[in-house]
Every structure is written in C-alpha cells, then in structure tokens.
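Undergrad: What follows is a predicted structure for the sequence shown.
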Amino acid sequence: MSNLEQKPTQQPEGFKLSAVALLLDIIGMALVVFAGYEIYMNNEKGGGLLLNAISWPYYPWIIMVAGVLLMIPFHKQIFKAYRIVKQYKKEQAKADRPRF
C-alpha cells in the first residue's frame with residue numbers, strides 16, 4: 001500500500017445527548033442555586049423565602065441534594081461521550097503510527 005492510499009477511517013459510534021437529561025440538569029442547577037440563596041438568607045438575614053412554609057431548618061440542604069441528583073443523568077452522558085472520544089482518539093493514534 002502506498003503512502004497516497006488511505007485506509008478508511010472508522011467513525012466513532014453516534015452519540016446524542018438526551019433533551020430530557022438536559023432539562024433535568026437545568027432544573028437541578030436552578031434548585032442548587034435556590035438552595036444556596038435560601039442558606040444565605042437563613043444565615044445572614046434571619047429568614048428565607050420558604051422559612052414560613054417549612055419549619056425544619058435543614059430544608060435547603062434537601063433541596064440542594066435533590067438538585068444534584070437531578071443533574072446526574074446529564075453528567076453521566078457527558079462522561080460517556082468523553083470516553084467514546086478518548087477511545088476514538090486512541091484508535092486513531094494507533095492507526096496513524098508509522099509501520100516499519
């Protein structure tokens with residue numbers, strides 16, 4: 001095989017991010033920000049937006065954990081895409097090595 005001939009390159013498997021996972025990630029981020037605001041308001045100002053509705057003092061932490069849990073599916077997809085790209089790059093580097 002001459003240097004001008006090129007082998008067909010194998011494309012990585014198709015990967016699409018889920019719109020539902022993205023929506024859950026956005027909602028999760030909003031909950032984490034809201035929980036941070038509630039923690040700030042409870043500690044600095046003496047009361048948050050939900051303090052009158054919820055009497056338990058640790059409710060912002062539950063909201064924060066719920067937000068983080070909602071973000072997990074999207075981040076799992078991102079890590080899966082990263083592994084696919086990393087494997088593809090490794091295969092390409094192996095295929096591009098000169099053979100003597």
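TA: That came in fine, so what should we check first?
Undergrad: number of nearby residues for Val85?
TA: For Val85, the count of nearby residues is 12 (other C-beta atoms under 10 Å). C-beta here means a position set from N, CA and C on the backbone, and glycine is covered the same way.
Undergrad: hang on, I meant Tyr59
TA: The burial count for Tyr59: 18, using other C-beta under 10 Å.
Undergrad: Next: Asp96.
TA: 8.
Undergrad: Work out for me the element the residue nearest the centre of the chain sits within.
TA: Nearest to the mean C-alpha position of the chain, by C-alpha atoms, centre = their mean, lies His75 at 2.4 Å. Following DSSP states H and E, one finds His75 within helix 59-96.
Undergrad: Repeat that for Glu38.
TA: Assigned by DSSP H and E, Glu38 falls in helix 19-40.
Undergrad: quick one, that helix and helix 59-96 angle?
TA: 140 degrees (axes from the mean of the first three to the mean of the last three C-alpha atoms, to 10 degrees).
Undergrad: In helix 19-40, which residues are buried?
TA: For helix 19-40, the neighbour count (16 or more other C-beta atoms under 10 Å) marks 21, 24-25, 28, 31-32, 34-35, 38-39 as buried.
Undergrad: could I get these as CSV with pLDDT and distance to Met64?
TA: As requested, the buried residues of helix 19-40 are exported to CSV (pLDDT from 0 to 100; distance: C-beta to C-beta, whole Å):
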residue, pLDDT, distance to Met64
Ala21, 94, 19
Leu24, 96, 15
Asp25, 96, 15
Gly28, 97, 10
Leu31, 96, 7
Val32, 97, 6
Phe34, 94, 9
Ala35, 93, 4
Glu38, 89, 9
Ile39, 87, 8
